[in-house]
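Participant: Curious how this folds, go ahead:
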Amino acid sequence: MVFFPHLDPKDQDDEIAIMQHILAVTRKSQEDGCDGEDAREEKVHPTRAGDYKKAFTPFTTTQRISKDEMDAYDRERRDTKDPKTIGQRNRIIQQWWESISDERKTEAGRVAEKWNKLGAPKGTHDS
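Facilitator: Numbering: from 1, shown residues only. Okay, the predicted model is just below:
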């Protein structure tokens, strides 16, 4: 491993930790970004029959596909540990929906149509 020449040799452990963190973040970013929309959609495709009781809309589909992003947006805008703020979540999620691009909304509409057409996977049922 190559170390920065201006660092004290005692700092090599810190440098290694920083490099490993950068590599891990880069790997995760590549895994998340390289999958493509179809793979991301496949990961969150509903598998329980109960998920199909109501038709999917572009909004509900985007909520499934972008759950982590949506949750992070919510956490940034309210104290999620305070139960009194739960009522703000719907308003915040609506703001998030309004902030995403039209292309993502269009893609979510396409996915919603696909999921509604395919329906629940064979062999699933409500318990």
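
Participant: Show me what the helix or strand where Thr106 lies packs onto, helices and strands only.
Facilitator: Remark: Thr106 resides in helix 102-118, with elements defined by DSSP states H and E. The helices and strands touching helix 102-118, judged by 3 or more C-beta pairs under 8 Å, 6 or more residues apart in numbering; DSSP states H and E, are helix 58-65. Glycine gets a C-beta too; all of them are placed from N, C-alpha and C.

Participant: The helix it packs on vs helix 102-118, what angle?
Facilitator: 90 degrees (axes from the mean of the first three to the mean of the last three C-alpha atoms, to 10 degrees).

Participant: for helix 58-65, packing partners?
Facilitator: Helix 58-65 packs on helix 36-44, helix 88-99, helix 102-118, going by 3+ C-beta pairs under 8 Å, 6+ apart.

Participant: any chance of those in CSV, with mean neighbour count, mean pLDDT and distance to Asp13 too?
Facilitator: Below are the helices and strands packed on helix 58-65 laid out as CSV (neighbours: other C-beta atoms under 10 Å; pLDDT from 0 to 100; distance: least, C-beta to C-beta, whole Å):
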stretch, mean neighbour count, mean pLDDT, distance to Asp13
helix 36-44, 12, 74, 36
helix 88-99, 13, 90, 40
helix 102-118, 15, 92, 42
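
Participant: Can you lay out these as CSV showing distance to Asp51?
Facilitator: Listed next are these as CSV, based on distance: least, C-beta to C-beta, whole Å:
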stretch, distance to Asp51
helix 36-44, 11
helix 88-99, 19
helix 102-118, 9
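
Participant: Out of those helices, which is closest to Asp74?
Facilitator: Set against Asp74 and scored by C-beta to C-beta, the helices and strands packed on helix 58-65 come closest in helix 88-99, at 5.2 Å.

Participant: quick one: Lys81 and Ile16, what's the gap?
Facilitator: 35 Å (C-beta to C-beta, to the nearest Å).

Participant: what about the two, which has more around it?
Facilitator: Ile16 (12 against 7; other C-beta atoms under 10 Å).

Participant: Quick check: the more buried one vs Gly87, distance?
Facilitator: From Ile16 to Gly87 the distance is 46 Å (C-beta to C-beta).
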